[in-house]
Structure formats: structure tokens, C-alpha cells
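>>> here are the coordinates; sequence isn't available:
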């Protein structure tokens, strides 16, 4: 038999006053994995994490850590530690005392406690910070203290509840890398909760997308991005043009759909009487003349109505017949169309596989 | 030139305005606090030389030290007040914790109101209420007989227990309010983090909740201690002849024996005592006085 998963959830459900906040969730996390739970606010991800940490008990289902059931085990007896959204550092203790708190609870002697606190603070890049007050630290340093305070206990699982939310953009980008490196260095299993898809995609080995209390899809960031399994995942993960469509069998072979606004597309996926189609802006090829796009089954003429400049993530808004209100394509940063201006006429096209269709 | 003059006049006007605003407070402090204390201080050092003639001397303070009844009453008042403060703290802490952290929605103001309602009646009425409960023919005695706990009527009044009960009852509100205020600002996630990192309920209480509530604990304790030390009605009515509260000695000197210099000296001893104990309490808990005032 293979070694049990670090964390396994089976049919975990939590009901609050008749509302199913978490509804029949199943998943397992391997040892040393960086696993993220991604979902919009109110999807139940925080409730799910609080059940893993032991602050809430599931209404039904099983939570086990390394094969041991955690039902009825209080949070202070679980091999799980949590980095809180606001970090929850203890302001009445200095950095060293914060880190040593958990060891003191385990009954570790003072000398060893202090030595281990010093060592872990060195490993997270805060050497000699033991005597500092928590209020004297910058946002990134506080973050590292919060993580060190958990990792010093060598937990089986480290839970992180949107810990980067309060940081500014530059620091957040930096901490993403740092968290990933820390996870590699300590080889601890991380479970990371976020509503920010970029955090989830950049750091995770696997991501679970959660919506209305259920898991929509579990997969690697690439799988989620390129092969979304459901309507929700296609719309939530990454940027996409989204349209309501109806089937149009006359376009065959393969799946043909007609947008409500009129355009006929060759597409990929399944559809019922109605459906949704998603097309990523970067999957759209642009050209000055439509003949240059002859390899693509979907080809249209359009006019640039706006340029939304945002560095590498810049988009063109294109007005084209049959696409209402418009279609967004990634702004080419090199080549003939690099300097395209508002009002320019151009051609655009995309493959059938790029148009993902799901039943409504 | 004229601008400078007018701005100078403006500044003078502003200063006058500030002075007028502060005037009521200055008058109150000066006439009702500072002046009587100066008067009392002078009075406490005047000593009777012969009938109708008084001179400067430490006789009143020496009298306090040489007469055991006085300093024993004094010590007893101090110790019992500290005890009252501790009991009030222990009883009020869970109540304040419940109000601040557990009660939700409309329950919170209702609980605060329930703490406040007894104070709508005067202290005298409240104390008389306790007398009705505790006296030999009172409710408590009757219930105990009914339950078969005793065969005859029991006198529960006129002992130290009754005095402490009355003082704790009177002090609870003044402990609960600053405690609940201090605990309210405690972030729930800190308590959760305390448990999550392996702390037991006791560890979380000792290392996270109590340190956070410390300014409230100190503020509430100072108020309750001061109210107990300076209380007169409760020890007299509930303690009776056994009350032996130091305020009774002051009362006796001023009113019964008409020995104002002695009463003034006692008054100053009481002021000194409470100041010393509050100072010691602040030192012991490592709290600054100004910080305590700021945070409570």
C-alpha cells in the first residue's frame, strides 16, 4: 500500500442554518505538495480551511491527516498550523517569543526553544530579529514571522489563508516567489487559499477551483488554464471573451455555434440547447489582411475601437460584425501590428480548439 | 505694522478664549479639590495645646500610630479592599469576556444594561436591599430554613463576608466596563492562532487574553479599589459594629467627637494609603499610569 496522503477529505459538508457552505468536497493532497484552493469570496473556501484547521467541525464527511481521522480532534492537537489572513501575530510578545510560543505549548525547554527560534528565523531570512517588536516589522517581515511561527513546529500541513492580501502589489509579487522557495526548502505540504488566480497559478503544483461550496475542477495550473472542465472554471481562471451561443449544425464538420449577436464560429466542446463560449484574448491572431489567416477556420474583419494599455497584458478592443458588444485580443508587442492605433482596420482569426463551449 | 498688531490682538483674544473655556475646570479643581485639601493639610498638623489654643505639631499623626485600633482598622480596610478588588476581577472577567466576545447582536447592549440597571437606584437603597436579603428574618435565611439547611433563623449580616459581598456587588459594573472595552479590541484570530499553535485554553488565557486585557484590568482595579477604600455606607450597614472601616473612623472624628484635626490627619492617611497601593499595583503589573488612562 502507498503511504497515506498528507490530507484527505471525503464528502466533507458544512451546513450553516440550512445553507450548504461546503457541499460534498473530496480531495487528497500529497506529501510536499503546494495545493491551492481558488474561488470567489463567499464560495466556502474559508469554511473549508477552518474545518481542516479544526475551528469548525464538518456537518458530515471525513477529514484525515496521514491516515488519521481528525474528526473530534481540537485545533491545538492537530499537526496543522495556519497563517491567518491578518497574520494574527501576538503584539504582546516580541518576534522571538512569537516564534517560540508553539514550542512552549509543547513543553520544550527554554534554551532549546530559543535556539530553535533563532534557527528558524535565520532560515526565513530574519537573522537576529528575536528581540524586535512585532510592530517594528515591515509587511513582508511580519509575513515571514507568521510563517516561521508555524514552521518551527514542523507541522504536517501548513494552511495559508490569503496571507498576501494586505500587501502592496510589488511586495506581493516578491512574496509569491519567496513562499514557493520556502515551501521547497522546508518540503512541507502547503495548502493555500486565495481568490487571486495569479497567486494560485504561479505558486501551486495543483489548484482546486471552488464555487458555491463545491469543487469545480482539480488540476495543475496549466490544465485549468488550457483545459477548463466547466463553465465556471473557463470564466473564472484567466481572462476570456465570453458569449452566449446556440448550436449551429450547418457549420460542421465538428461543433458549430452561433453567437447571440450573430457571428458563426467553429468551436470545441459540448452544448445543449444553449451554451457559453469562451475565447482567450491571446488565442486570437491578428493580421492586416484576412488572407494571411488562411490556416484558421474562424476569420473576421474588424476595427480597433480602443487600446487598453497594461504593459504585457495590454488588450485591443475590436468592433466586428456579429460580435456584441466587442471582442478583446492581446495587443501584439512586436511585428507589423505592434503599434496599432484606434480606428485601424484589421483581420482576426482563431482556431476551433480556442473556442471552448460549455452547456449553459 | 498694523497687521502685526492685529495678529497680536488676535492671539491675545484666542488666549482669553482658551482661558474662559478652561475656567470652569480650573474653578472646580481649585475651589473644590485643591483648596479643601490645602485647608485639610493645615488642619491635620494643628494640635491642641490647651483649651481653645491650637499650634503646629505632628500629634494627630502620632495618635494614629500609637493607637492600635486606628492602624489596625487602617490595615484591615486596605487588605479587605484589595480582596474585594481581586474577587470583583475574578467574577467580572468571564462576564466581560462573554459580553465582549461571545454575545452577538442585541444581546450585548442588553447585557450591559442589566449590569447598569442596579445603579439607577441609590447606593443606600441597594445596600438596604442586601440587608433585606441577608438579615435574620430575611429572604436568604427563610429559604435556607425552607430547604432544611438550618433549623433556626440565620444571621448573615454584620460580618466581613457581608461587607465584601456588598462591595463586590457595587464594584462589578466599574470592573466590567473597562474589561469589556479592552477585550472587545482583541482580534478573534489571535485567540484562534493561540489554539492553532498548540496552546491549551489556559495558555491562551494566560499568554494572549490577559496580557491584551491588562490595561482594562488595571483601570478597573484602580476604580474598584478606590470605591471600596472610600466606601462608607456599605461597611456601616452590612458590617454593623464589626464593619470597622477606616472611613468610619474619619466620620467619628469629624462628626461624633468633633475632632476635626484628627479627622483631617486620618483623611490624609487614607489618601496616602490608596495612592501607595495604586502605585504598587501599577509597578507590579508593569503598567504606566498615563498609558492606562489613555487606553481605558
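Nice, thanks for sending it over. If you're wondering where the values come from, they're calculated on a predicted model, not measured in any experiment. Residues are numbered from 1 along each chain as shown, chains lettered A, B, ... in the order given.

>>> Now stretch B:66-75: buried residues?
By neighbour count, and taking 16 or more other C-beta atoms under 10 Å in any protein chain shown as the criterion, the buried residues in stretch B:66-75 are B:70, B:73, B:74. Placement of C-beta: from N, CA and C, glycine included.

>>> Show only the entries of these found in strands.
Within these, membership in strands is found for no residue, as judged by DSSP state E.

>>> nearest to chain A, of the residues you listed?
Distance to chain A, by C-beta to the nearest C-beta, is smallest for residue B:74 among the buried residues of stretch B:66-75, at 36.7 Å.

>>> any idea how far residue B:42 is from the residue lying closest to that closest one once chain neighbours are set aside?
Closest residue to residue B:74 in three dimensions, ignoring its sequence neighbours and counting by C-beta to C-beta, 6 or more residues apart in numbering or on different chains: residue B:246, at 5.2 Å. When distance is defined by C-beta to C-beta, to the nearest Å, residue B:246 is 22 Å away from residue B:42.

>>> One more: residue A:302?
Counting by C-beta to C-beta, the separation of residue A:302 from residue B:42 is 99 Å.

>>> which one of these two has more residues nearby?
residue A:302 (22 against 12; other C-beta atoms under 10 Å in any protein chain shown).

>>> And the helix or strand encompassing residue A:209, what does it pack against?
Taking DSSP states H and E as the definition, one finds residue A:209 inside strand A:206-211. The contact analysis (3 or more C-beta pairs under 8 Å, 6 or more residues apart in numbering or on different chains; DSSP states H and E) places strand A:206-211 against strand A:34-38, strand A:214-219, helix A:221-226, helix A:231-236.

>>> tell me the most buried of those?
Most buried of the helices and strands packed on strand A:206-211 by mean neighbour count (mean count of other C-beta atoms under 10 Å in any protein chain shown) is strand A:34-38; its value is a mean of 25.

>>> how far is that strand from where the chain is centred?
6 Å (C-alpha atoms, centre = their mean, to the nearest Å).

>>> list the buried ones in the helix or strand just after it?
Secondary structure here is assigned by DSSP H and E; on that basis, the next helix or strand after strand A:34-38 toward the C-terminus is helix A:45-53. Using 16+ other C-beta under 10 Å as the burial criterion, the residues of helix A:45-53 that qualify are A:45, A:46, A:47, A:48, A:49, A:50, A:51, A:52, A:53.

>>> ok so, going back, out of the buried residues of stretch B:66-75, who's nearest residue A:358?
Here the nearest of those to residue A:358, counting by C-beta to C-beta, is residue B:74; it sits at 85.5 Å.

>>> Identify the residues contacting the nearest residue to residue B:103 once chain neighbours are set aside.
Closest residue to residue B:103 apart from its sequence neighbours, by C-beta to C-beta, 6+ apart: residue B:111 at 5.7 Å. Applying C-beta atoms under 8 Å, 6 or more residues apart in numbering or on different chains, we find residue B:111 in contact with B:98, B:99, B:103.

>>> Name the nearest of those relative to residue A:105.
When those are compared for distance to residue A:105 (C-beta to C-beta), residue B:98 wins out at 24.9 Å.

>>> Check the closest one and give its pLDDT.
According to the prediction, residue B:98 has pLDDT 93.

>>> Ok, residue B:6 next?
For residue B:6, the model assigns a pLDDT of 58.

>>> returning to what we had before: any chance of the helices and strands packed on strand A:206-211 in CSV, plus mean pLDDT and distance to chain B?
Below are these laid out as CSV (pLDDT from 0 to 100; distance: least, C-beta to the nearest C-beta, whole Å):
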stretch, mean pLDDT, distance to chain B
strand A:34-38, 94, 18
strand A:214-219, 94, 24
helix A:221-226, 92, 28
helix A:231-236, 91, 27
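
>>> Next, format these as a markdown table and append distance to residue A:318.
What follows is the helices and strands packed on strand A:206-211, written out as a markdown table (distance: least, C-beta to C-beta, whole Å):
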| stretch | distance to residue A:318 |
| --- | --- |
| strand A:34-38 | 30 |
| strand A:214-219 | 30 |
| helix A:221-226 | 23 |
| helix A:231-236 | 20 |
